[in-house]
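>>> Build me a model:
(5 chains, ligands or ions: 5)
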Amino acid sequence: MRHFKDNLLYGLLWLSAFLSVAVLVMIVGFIFYKGFGLISFDFIFGDYSPTGGGGIWPMIITTIYTIGISLIIATPIGILAAVYLQEYAKQGRLVKVIRFATESLTGIPSIIYGLFGAVFFVTTLRLGMSIIAASLTLTIIVLPVIIRTTEEALKTVPAAYREGSLALGNTKLQTLYKVILPSAMPGILSGIILSIGRIVGESAAIFLTAGTVAAMPESIFSSARTLTVHSYLVTQEAGDIELAAAIGIVLIVLILAINLSATFISKKLNKATNK
Amino acid sequence: ACTSDDKNSSQASTSKDETIAISGSTSVGPLAEKLAHKYAEQNNTNIEINQIGSSAGITNAISGVSEIGMSSRDLKEEERANKLNEVVIAYDGIVVVTHPSNKVKDLTLEQVKQIFTGKVTNWKEFGGDDMEIVVVSREDGSGSRDAFQEIVDYSSGQLIKNAIIASGNGNIKTTVANNKHAVGFISFEYIDDSISTIDINGVEATADNVLEQKYKLSRPFLFVFKEGQLSEAGQRFIDFILSQDGQSIAAEAGAIPIK
Amino acid sequence: MDKANKRKYLLEKVSSKVFLICALLSVLTLLLIIGFVFYKGAHPFVAGGYSFTDFLLGTDWVPSEDKFGILPMIVASIYATIGALIIGVPIGLFTAIFLAEIASKRAAKIISPAIQLLAGIPSVLYGVFGLAIIVPFLQNTLGLVKGQSLIAVILVLAIMMLPTIVTVAETAIRAVPKTYREGSLALGVSQIGTIFRVVVPAAKSGILTAIVLGLGRAIGETMAVILVAGNSLILPTSLTDSIRPLTTNIALEMGYAAGTHQEMLFATGIVLFSFILILNFVLAKISAKGGN
Amino acid sequence: MVHHKEGTSKINVRDLNLFYGDKQALYGVSLDIHEKQVTALIGPSGCGKSTFLRTLNRMNDLIDGVKITGDIIIDQENIYNTNDVIKLRTKVGMVFQKPNLFPMSIYDNVAYGPRGQGVRNKRELDKIVEESLRGAAIWDEVKDRLKTSALGLSGGQQQRVCIARAIAMKPDVILMDEPTSALDPISTLKVEELITNMKKDYTIVIVTHNMQQAARISDRTAFFLNGEVVEYDNTDEIFSTPQDQRTEDYVTGRFG
Amino acid sequence: MVHHKEGTSKINVRDLNLFYGDKQALYGVSLDIHEKQVTALIGPSGCGKSTFLRTLNRMNDLIDGVKITGDIIIDQENIYNTNDVIKLRTKVGMVFQKPNLFPMSIYDNVAYGPRGQGVRNKRELDKIVEESLRGAAIWDEVKDRLKTSALGLSGGQQQRVCIARAIAMKPDVILMDEPTSALDPISTLKVEELITNMKKDYTIVIVTHNMQQAARISDRTAFFLNGEVVEYDNTDEIFSTPQDQRTEDYVTGRFG
Ligand SMILES: Nc1ncnc2c1ncn2[C@@H]1O[C@H](COP(=O)(O)OP(=O)(O)OP(=O)(O)O)[C@@H](O)[C@H]1O
Ligand SMILES: Nc1ncnc2c1ncn2[C@@H]1O[C@H](COP(=O)(O)OP(=O)(O)OP(=O)(O)O)[C@@H](O)[C@H]1O
Ligand SMILES: [Mg+2]
Ligand SMILES: [Mg+2]
Ligand SMILES: O=P([O-])([O-])[O-]
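Numbers count the residues shown, from 1 in each chain, chains lettered A, B, ... in the order given. Ligands and ions are numbered 1, 2, ... in the order given. Next up is the predicted model:
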């Protein structure tokens, strides 16, 4: 009987993993199958042309801008907020309120973020439709993801590390950056990787705040079009699934590159502290 | 960096003198982009086009975020109250489309109405195979849908309840192309061989037929701007669109010129 | 007091304030967004003479004829969310467990990042995938006239939840101290027993976070859902009915809505908000209970 | 006395080598552990006592990169040839150097093993839990808070619950890695008495730094140094007439 | 000898009560700890030794819900009135019951405290690290792998590096919570010698279960029972002529 239960659970574990991988393979396969024919040097590095046959270089640059700016703002704020919740706050009402707010933010549809961003950042703060307005909106979107994953990562840091450091006359702050954050790094990093995914995958919140201008952005105050918005527009209006899939391929490669370098950096960091 | 040089047009966007901000309808957007592209080749003007939906465009035109709004629907009362001017820059033909395998190729306006209001639910009634009809419509508020309903003569309340609602021409096209039961409507510019088009009252859906008023399903593409807010550059761009050159570009892009 | 220490305490004080401000930022933005949505969405009921109960319980949504009832969408949202949870959570958690506890290091090293990659594929593409593969598949295998349906939405949402759930849960499970595993294995408990009796309970808090974040993804998702839901305005009675969840209603019509119609879309947002707040409240209660 | 110490051998270790990656931690260890006796493993820190102990229930399997050569035979069965590790670990219980209770109630910790074996009956579990906790000399301290988290106990209390948890499995062999190093003298006394009592039914292998403890409770003692067994004999002999100079130096140190 | 044991008092504890939430763990503890002496705290498991020790450098501040009443005065200053905890903890170092090295190299672990105090000079750090590791009788074992992770060491090795880490701070007072419970006799000997040497410069408070150890190295001994100090006196007195029956019962247990 026990063996049966064990085997059943084993089977379910394998089955689930198999399903997840199968879905992964199917989606990636679908995207490559549909889009690979369009991939070419000109497609990736060429300028966009509204008359067809153009490239997506301006969108790639815009996408990288939005990832960069959003993360530069959201990562420190998110990590520090998580630090406050885990390391500083007394577990009371305030923490509950903050945690509740954070969690509620994760469930808000991006279209609402977009409308909010369009009113708050674009109009009220007079940033206009721009990369910066979109990045600020995205910051709000990914903040809860970073806060929650960082909190979890901090929880796993053994209390003994904190005690050890404090007993050596270090302040909480010193303890934080010398011991706690380094050992929470892998968890924090996976939160950042998820955030990158969220930023890259976003469309509604971006086109309402950055617009859809298909030209190379002059600055972060320019209106511009990200890869995902581009794929959204071509799906929505032109029904051009091949083009959308080709953009998907570029995104996959882009994210892969970012993730690999993030993992590489964290390995480097760990080497410095661990081995 | 102020003197414009046509040969440099690839980096032109960084050295243009004036900027015209335009935002609005996703169906007008592609046409406007093409017009702007051509216009920018000859003029020292940077034109930013944001395709974010008619309403958002009109709102932007009112709030001043954009100089010009693009709309594929008529203005609402509340919007008109803000002293908005409108210019028809072209017309857009609307075509009823089905799965390529569908044998039905010709319908009357009345039959179209029967389909979309759910009076007839099987293709065999119109000489097709014995299979259920799946209606695909656009979302409430869409310019194409407004125009389509007005001309076919039914109201949103009459639309068959279980109709699939797709956002955008592309989504209708993909939905119809993947379902042999389906029928929907899209702009002329998006016609390709993944779907088959239906003649209305025996008249084929072509720009010429629209211009000759034989084909009824069409609606205007609008530029709107706040009275007195249009810059000189904006005015010049609109003039260009309405000129012979502009209108032939529009025709090339699949839209119907305003004569 | 030591001079150097004085600086440290000052730094300590300042930094803790900075941390607090960072933490409060999310509360602030939530309040701003809620305020914004309520400001826009409450207008028709406060000033326009519309009844909120009619709005909630009405079954007709015809904006151009001034009919605004969202009951079918509320029901659709609830069904779709629950369905996605039922499918996505177990598969996601089990995959996470598999990757953290059972898969060889080599396999996990390839699969985990690949699944994280899925998180970055734009939702539009999930929608396209759903429309091109899942919808026709459902239509053919179930013999339907159209595959755009509740079940299609559930499948797409479940797939979209996977990367978040797997990634967060896997991290949490990996963080469980080795001594727990050793203790259990040394008691002659099988690997599976150890996983489900010690490791998973010890990772409870992280697993709940995974579910909350995954759920957020499911509730907040629009672009993919629009493509596979069918968006019909009927009260769903079976898994094969086309549905229009609250989110899609907003995203679908916002681009073209004006005046009262637009405000009613914001009012839909209010309902959605309440939905999310209630759900989070329940989850917070569950996790508080689980924590003790 | 001498007769008793002969016993029948329960565990035969033959030429055991263990590597952590490239680093060898055990060098050709061979010894026979006798049934229903207490065998003590002594030696300086880092000499491989814990490592050796953990080979006996294959806990080292869990560490990546561990390579083992040689044979360990328990009850005529080579434990590295079978793949029923569960049976092995049910038969060979273990108490670790650092207390490693699960984050659950005291009761659930002790009932954990029996439940894994399929014991579901509440009365039976209650009985096992009480007996085991009594056996580990901790019942009186915790009987009123069996349902509270085990992690709220002091270090010493935790370690005794760990012992209870192992006893609850009623194993054949019990491996203990410095089980009393975190205990006060009174609990140590109780645990030592317990170990002496348990000898009737169990084969016990214990790592200890406490020479007196080894002398008091063990029948045989193995002295480890740098991953090798320097000397293995009846405890009396080891402490009175060690054969090896190094053993003598170590056991005559005035510390314990 | 008696004269020596008088000393000047370094730490005065007056009527100290400590509560974990509602649960009281220390009851009116009052005692004076003398400068440049070793004070041992003994008593059965769970009696509050660790708890008391941790009040002396305010480590209990970190636990939610801990309430403290009474006074602890170190060098004429009430440590619960000042808010310079850093200075307090720099002055009062600590070695914990379970080794708690950071996940960094051995070198970085030992250099951790000095770096926190602003020591940046490489040569100086090298010197501090070497001296401290030597002081903790672990230098020879780790000198070739200073840059490798400290977590790869055995339990005993880890604990000695913890001691080195505390010594590196050159504190006034060192608190040790069963610092040798995970050590083998040889390292224990070295650490005890070290403690005896350190007395010249430091005030040392040590929790130990090992009666002999208390007798060997401490000048004064406090016997704790259920959160109270039953008896506190010169170590000789405590072990030879205890005033309280309970003390006598405890110290004459034949275990250590
Ligand atoms: N996981 C591991 N990886 C690499 N080396 C290890 C590992 N565990 C232990 N070692 C090394 O193997 C040797 C033996 O360690 P072991 O823990 O068996 O010693 P021990 O005799 O139990 O010491 P102690 O009395 O301090 O517990 C030591 O040199 C130690 O550093
Ligand atoms: N964080 C805590 N919360 C609640 N109670 C605690 C906590 N830490 C310790 N206690 C309780 O306080 C009492 C004293 O514990 P303490 O750890 O000081 O004992 P000890 O004398 O050091 O024991 P040992 O010798 O086993 O280490 C014990 O009953 C213990 O259960
Ligand atoms: Mg050991
Ligand atoms: Mg203690
Ligand atoms: O998107 P439309 O408004 O043109 O239907």
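
>>> what sits against C:Phe77?
One correction, residue C:77 is Ser, not Phe. Listed by Cβ atoms under 8 Å, 6 or more residues apart in numbering or on different chains, the contact set of C:Ser77 reads C:Ile219, C:Pro245, C:Leu246, C:Thr247, C:Leu272, C:Phe275. (C-beta placed from N, C-alpha, C; glycine too.)

>>> The fourth one and chain D: what is the separation?
What it means is C:Thr247. From C:Thr247 across to chain D, the span is 38 Å (Cβ to the nearest Cβ, to the nearest Å).

>>> thought that residue was touching C:Gly220?
Yes: in this structure, C:Thr247 is within contact of C:Gly220 by Cβ atoms under 8 Å, at 6.8 Å.

>>> so what's in contact with these two at the same time?
A:Pro109.

>>> Between the two, point out the one with more neighbours.
Neighbours were counted for C:Thr247 and for C:Gly220 using other Cβ atoms under 10 Å in any protein chain shown; C:Thr247 has more, 32 against 22.

>>> show me what contacts the more buried one?
With contact set as Cβ under 8 Å, 6+ apart, C:Thr247 has these partners: A:Pro109, A:Ile111, C:Ser77, C:Ile219, C:Gly220, C:Glu221, C:Thr222, C:Val225, C:Leu272.

>>> Wait, the fifth one touches A:Thr106, no?
Yes: using Cβ under 8 Å, C:Gly220 makes contact with A:Thr106 at a distance of 7.3 Å.

>>> could you pull out the strands for the stretch 101-250 of chain B?
Ranges of strands in the stretch 101-250 of chain B, per DSSP state E, counting those that start in this stretch, are B:106-107, B:134-137, B:164-165, B:182-187, B:196-197, B:199-200, B:218-226.

>>> Of those strands, which is nearest ligand 2?
Across the strands of the stretch 101-250 of chain B, ligand 2 has its closest neighbour in strand B:164-165 (59.3 Å, Cβ to the nearest ligand atom).

>>> and the residue in chain D positioned nearest to ligand 2, what element?
Sorted by distance to ligand 2 under Cβ to the nearest ligand atom, the residues of chain D start with D:Gly156, at 2.8 Å. In this assignment (DSSP states H and E), D:Gly156 forms part of helix D:155-167.

>>> gap between that helix and the chain center?
Distance, stretch centre to chain centre, for helix D:155-167: 13 Å (Cα atoms, centre = their mean, to the nearest Å).

>>> go on, stretch C:226-242?
A distance of 19 Å separates the C-alpha centroid of stretch C:226-242 from that of its chain, computed with Cα atoms, centre = their mean.

>>> per-residue pLDDT, the nearest residue to B:Tyr190 once chain neighbours are set aside?
Computed as Cβ to Cβ, 6 or more residues apart in numbering or on different chains, the closest residue to B:Tyr190 that is not its neighbour in sequence is B:Asn169, at 4.6 Å. Turning to B:Asn169, the model gives it a pLDDT of 88.

>>> same deal with the one 5 residues further on?
B:Thr174 is assigned a pLDDT of 90 by the prediction.

>>> ok, now how distant is it from A:Lys34?
With the distance defined as Cβ to Cβ, to the nearest Å, B:Thr174 ends up 12 Å from A:Lys34.

>>> about what we covered before: the helix holding D:Gly156 and chain A, are they touching?
No: among the residues of helix D:155-167, none lie within reach of chain A under Cβ under 8 Å from any Cβ of the partner chain; the closest is 12.3 Å away.

>>> Alpha carbons only: can I get that helix in PDB?
C-alpha atoms of helix D:155-167 as PDB (Å, rounded to 0.1, in the frame of the first residue of the first chain):
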ATOM      1  CA  GLY D 155      19.800  22.400  22.400                       C
ATOM      2  CA  GLY D 156      20.000  19.600  24.900                       C
ATOM      3  CA  GLN D 157      16.300  19.000  24.900                       C
ATOM      4  CA  GLN D 158      16.300  18.900  21.100                       C
ATOM      5  CA  GLN D 159      19.000  16.300  21.000                       C
ATOM      6  CA  ARG D 160      17.200  14.100  23.400                       C
ATOM      7  CA  VAL D 161      14.000  14.300  21.300                       C
ATOM      8  CA  CYS D 162      16.200  13.300  18.400                       C
ATOM      9  CA  ILE D 163      17.200  10.200  20.300                       C
ATOM     10  CA  ALA D 164      13.600   9.500  21.100                       C
ATOM     11  CA  ARG D 165      12.800   9.800  17.400                       C
ATOM     12  CA  ALA D 166      15.400   7.200  16.500                       C
ATOM     13  CA  ILE D 167      14.300   4.800  19.300                       C
END
